[in-house]
Each structure stands twice: as C-alpha cells, then as structure tokens.
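Undergrad: please find the sequence and the predicted model below.
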Amino acid sequence: MVRKITYFDRKKMFEAREKGLSDAQIKAQFGIKDKRTLDRAMKLAQQEQQISVVRLQILKDALVDHLGEIRSLIEEWLGHLRVPLPGEIRELTLSPASDLENYPLFGSLREHLPVPTLWRAYSIWANKVNEYVNLCKKVTEQCSQEVGKLEGVRRTTDSFARPILELLNNKIEGKTVKNHKFERKQYFKEESGERMLDFETLTVDGHEVLEATRALAYTDQYKALSDRILKSEMANNLVVMFGELKALEPKIRASLSEVLLKRDYIMYTCRFCPGQTRLSR
C-alpha cells in the first residue's frame, strides 16, 4: 500500500530540502520511491509554504490594526475623563461613562488591561458621574416645571434655564456667584401703517428667556427660582459630587498614561484579537 504523504510530511520534506538534503536523501527518509511523487509533494509543499507566509503577514497586519484600535480607545478613555458642568448637559446628553461604554471594543479593554486597581477606580467614577449627570438633568427639569407657574407669559425660550445653570456652574467650580442682570428687548409690528409694540423679551445675563407683554414684571419670579435652586440640597449635592469626581480623575489618568507608555495592552489578548481560536458550540 502506497504511504499517504500528509501536510506535516510535506512541511518536513520542504524543511529538509531547505537544509540542503538531496532528493535521494529525502526519498530515503520519507520512504518515497517515485521521483514524480517527490516532485508533486515538493511543489505542493512550496505552495502551502507561500500561503502560510501570506496568512502570517495578514494576521500580523490585522493584529497591528487591532492593537492600534485598542490604543486609540485608551486615548479616547482619557478624553472622556472630564466631568461636564450643569450648563453643558442637555436632556439627551449621555454621561461620559455611558458614552465611552457604547464603543464596541470597550468590553475587551478589561481583557487587555487586567489591572484591578484601575477598574475599581473607574467603576466608582463611572457610577458617580452617571448619578451626577442625572442630577444635573433634574435641575433643568425643575426649571421647566416652574414655567407653568408664570401666568401671562407668551412663551419661554430654550434658554430659560441657561442663566441659572451658568450660576450653578460657578458655584460648583468655587467661583463667585454674581447676581443676575435683567434687561428687556422690545419687538414691534406694523399695524394699519403704524409701528406698534408686539411683545417684549426678558433677557437674563444676555440670554432671552421668555416673551411677554411686560417682560420685566417677571424678574422677581425668575430671581426667586434661581435663588431656590442655587440654595437647594440638590445644588449642594452637585458641588460635593463634582469635587469627588475631580479627585478621582488623576488616579485613573495616571494609570492609563502609564499603560500607554509601557504598552501593557499588547501583553494580553481579548476575544476580538485576530487569530484567536474559536471553539464550536
């Protein structure tokens, strides 16, 4: 019975020829009698070797790309370690943690960076920043709820809460909280050939917040709302949380900066690394 030449046989035969063995020596070593059989095996071995080299290069390139993506994501992580001020947060704003964790590869970072102290610090920061952002949104919601109590207002603008949030920004950052500056703007219309007052807007710290017939009549109500929010337990909690978050940031930044310098992420693999064996289920 003719002995079947396997892939591994061909690989060893090819290596033998690379080492300088003659055809006669290779035939004797592998029990091959027919030169044509040896030639076919060698030709196939050469093709398999070329395919192996190409695959290895493709895998190498893919791995370089993947590790580049991991590095970019760590750099993105550093960029997300910033606590937004209340005035920067809108209804649909995600917290920096939630926004970061939406990246498809973020889950694989734990596998590339098995550093317990880093992940403990980040977990505390992420939970706290989510709570902080939700509390900031409640401030805006509270301002919106007060709109219904303003009788005679033609409409409120999207900037209604902006002056209050800007003062809250200053309080959180430890800056001086100044009094609001109230002004009015008048808008006219043409009626029967005459120029007549149409409505006024109340301007607070440069932001038009509402339209009414007599805009300045609402200054006291707006100031009362602003004072109530700035002196509330909610605002005080935001001040405390902001300070705690800012204290956590340097620890996480230092860990990630060290990771980037040492390139620790290349020492470990994740389920998305090219070339990982997949077990069938």
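TA: Nice, thanks for sending it over.

Undergrad: counting contacts, what elements does the helix of greatest length in the chain pack onto?
TA: What stands out as the longest helix in the chain, according to DSSP state H, is helix 35-80. Contacts defined by 3 or more Cβ pairs under 8 Å, 6 or more residues apart in numbering; DSSP states H and E place helix 35-80 against helix 7-18, helix 23-30, helix 96-101, helix 109-112, helix 233-262. Bear in mind the C-beta positions are built from the backbone N, C-alpha and C, glycine included.

Undergrad: tell me which of those helices approaches L216 most closely.
TA: Proximity to L216 (Cβ to Cβ) singles out helix 233-262 among these, at 26.2 Å.

Undergrad: which strands or helices does the closest one pack on?
TA: Using 3+ Cβ pairs under 8 Å, 6+ apart: helix 233-262 touches helix 35-80, helix 116-147, helix 162-172.

Undergrad: how is the chain partitioned into domains?
TA: 7-65, 86-265 (automatic domain parsing).

Undergrad: how far out from the middle of the chain is the longest one?
TA: So the one you mean is domain 86-265. 20 Å (Cα atoms, centre = their mean, to the nearest Å).

Undergrad: any low-confidence regions in this protein?
TA: Applying pLDDT under 70 to the chain picks out residues 1-3, 276-281.

Undergrad: and L202, how far from A224?
TA: 14 Å (Cβ to Cβ, to the nearest Å).

Undergrad: which residue sits farthest out from the middle of this structure?
TA: Within the chain, the residue lying farthest from the chain centre (Cα atoms, centre = their mean) is K33, at 64.9 Å.

Undergrad: quick check: that one is in a helix.
TA: No: per DSSP: H, G, I helix; E, B strand; the rest coil, K33 lies outside any helix segment and is coil.

Undergrad: quick check: it touching A24?
TA: No: using Cβ atoms under 8 Å, K33 makes no contact with A24, being 11.1 Å away.
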